[in-house]
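Enquirer: Sharing a model that was predicted from the sequence below.
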Amino acid sequence: MDKSINANKVFSILFSLLAGFFFLFTLVAAPLQAPLYSAGLSLALVACVFFAFRSFEGWRRLFTFPLLLPGFILGYLGGTVMFLQPISHKELPPLEVPAHSEGEGFTAVIYFTHGEPPTYERAIPAWKHTIQEFDRTGTPFIPYPLRPFFFNAVRAEFLEAGGSHHNAIHNRMMMKLENMMQATHPDLRFYISFIDDHPYPNEAAWQAVKDGAKKIVLTHVFLTESSHTLEGEEMIDELKLEEQGIEVCTTYPLWNSETLIEMFLAQAEQARRDLVPAQVGILLVAHGQPPEWDEIYPKQTKQETDFRLAIRDRLVRAGYPTENISLAWMESREPTPQKGLQDLLQQKVRLILVFSSSISAEGIHSTYEIPHMLSEVPLPEGVRLLNLGAWNDHPLVLQAIAERIESCLDEHSH
């Protein structure tokens, strides 16, 4: 009898461990796999309760749940450690630089941006990498045991948004930019790269040099200087291209581009149609970072702010009232998009234009998160809300990027 009771206790503990493990992967698994883990969780819970109840009789069965909880927590934590294993980039093969005769070779533009994988499954390594960087630099983030719940929220957003077209839009932008610039610079070739998806900047540069590039222009399609831009530059530096006779130039992020600022006015003018500027409200939503991150990444908040102030000044010069232009933050700071929208509704406007001012191409932030936040605010009758989203491939965006590339080409032509 005692042996039977002990065996029941062992089985109940083993199944509670398994239940915690399945619960973890129910939270974080890819959508098609999650139901399998959910079924496993249900079976494990039934089994561990069954064996725990068989371990005790009468009032002693009250010990069942205290017995199961530690095993469940350990199973969950073990699964968390397994799931959050660090991501390591594969080392590139040794780079052999082709010999160039006089006048041979071309200039490779490494089009470098954030990147957002199209599906949750492909976004998992990207977020693991980001979290790994946060931990490496001491950047505060969600406590380790709670990080699976963060991934669960990311999965829910991808499912509700239907995935992300962010990377595809950047590929389209790059192709248009290449066609535009090759008219005057026929020796330019463009290579896409992302910080959160393949190919990474070093992979793109490696391939460009292998193809015969003699110059590399790392083009930051980012608004601000951040850990992302720095990491991309470090990846290029690790290739030691200049030691092998390959010229390298890095462009500056776009927060102070007058041409990009002009794009917001052009979009507003097109969207307002027959309304006068005084009837239009404009909500500029920046990304935002936690205030405690400002000591680690000191330029991002200031550059996001300065960029929107410059947009507001340009809109005011075009006749839009200052009080009709609201600045908000998507996360971590005040005012929120909801508060920004409420402030604009006080101005009796008839149309409110929403810009995701820091986002280079449509993604989860601009197509799902910000509209979802704004949907919480009821609109009065007669007021229309129009989400103009991210920059995308507007001609002035392409021109702004081209100007940055031109500055690198000019610098290296002297």
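Expert: Looks like it arrived, so ask away.
Enquirer: where does the stretch 101-250 of the chain have low pLDDT?
Expert: 101-103 (pLDDT under 70).
Enquirer: Strands of that one, start to end?
Expert: Here the stretch 101-250 of the chain has its strands, by DSSP state E, counting those that start in this stretch, at 106-113, 188-194, 213-220, 247-250.
Enquirer: and if you look at the stretch 251-400 of the chain?
Expert: Using DSSP E, counting those that start in this stretch, strands in the stretch 251-400 of the chain cover 280-286, 325-329, 351-356, 384-389.
Enquirer: now the residue sitting nearest the centre point of the chain, nearest residue through space, not along the chain?
Expert: Centroid-nearest residue in the chain: Glu116, 5.6 Å away (criterion: Cα atoms, centre = their mean). Residue nearest to Glu116 in three dimensions, not counting chain neighbours: His166, with 3.7 Å by Cβ to Cβ, 6 or more residues apart in numbering. All C-beta spots, glycine's among them, are computed from the backbone N, C-alpha and C.
Enquirer: now swap in Glu331 and tell me
Expert: Distances taken as Cβ to Cβ, 6+ apart put Gly288 closest to Glu331, at 4.9 Å, once the chain neighbours are dropped.
Enquirer: quick one: that neighbour from Leu388, how far?
Expert: Using Cβ to Cβ, to the nearest Å, we find Gly288 at a distance of 19 Å from Leu388.
Enquirer: cool, Phe134 as well?
Expert: On the measure of Cβ to Cβ, Phe134 and Leu388 end up 31 Å apart.
Enquirer: do the same with Glu160
Expert: The value you get for Glu160 to Leu388, if Cβ to Cβ is used, is 21 Å.
Enquirer: Show me which of these two is the more surrounded one.
Expert: Leu388 (20 against 11; other Cβ atoms under 10 Å).
Enquirer: So for the closest residue to Ala390 other than its chain neighbours, what's the pLDDT?
Expert: Closest residue to Ala390 apart from its sequence neighbours, by Cβ to Cβ, 6+ apart: Ile359 at 3.9 Å. Note for Ile359: predicted pLDDT of 96.
Enquirer: And Ala7, by the same measure?
Expert: pLDDT at Ala7 comes out at 81.
Enquirer: What helices and strands are in contact with the helix or strand hosting it?
Expert: Taking DSSP states H and E as the criterion, Ala7 maps to helix 2-28. When contacts are defined as 3 or more Cβ pairs under 8 Å, 6 or more residues apart in numbering; DSSP states H and E, helix 2-28 sits against helix 34-55, helix 64-83, helix 147-161.
Enquirer: buried stuff in the longest one?
Expert: Read it as helix 34-55. Across helix 34-55, burial judged by 16 or more other Cβ atoms under 10 Å covers 34, 37-38, 40-41, 44-45, 47-49, 51-52, 54-55.
Enquirer: do the second one as well
Expert: Buried residues in helix 64-83, defined by neighbour count with 16+ other Cβ under 10 Å: 64, 67-68, 71-72, 75-76, 79-80, 83.
Enquirer: any idea of the angle it forms with helix 34-55?
Expert: Between helix 64-83 and helix 34-55, the angle comes out at 150 degrees (axes from the mean of the first three to the mean of the last three Cα atoms, to 10 degrees).
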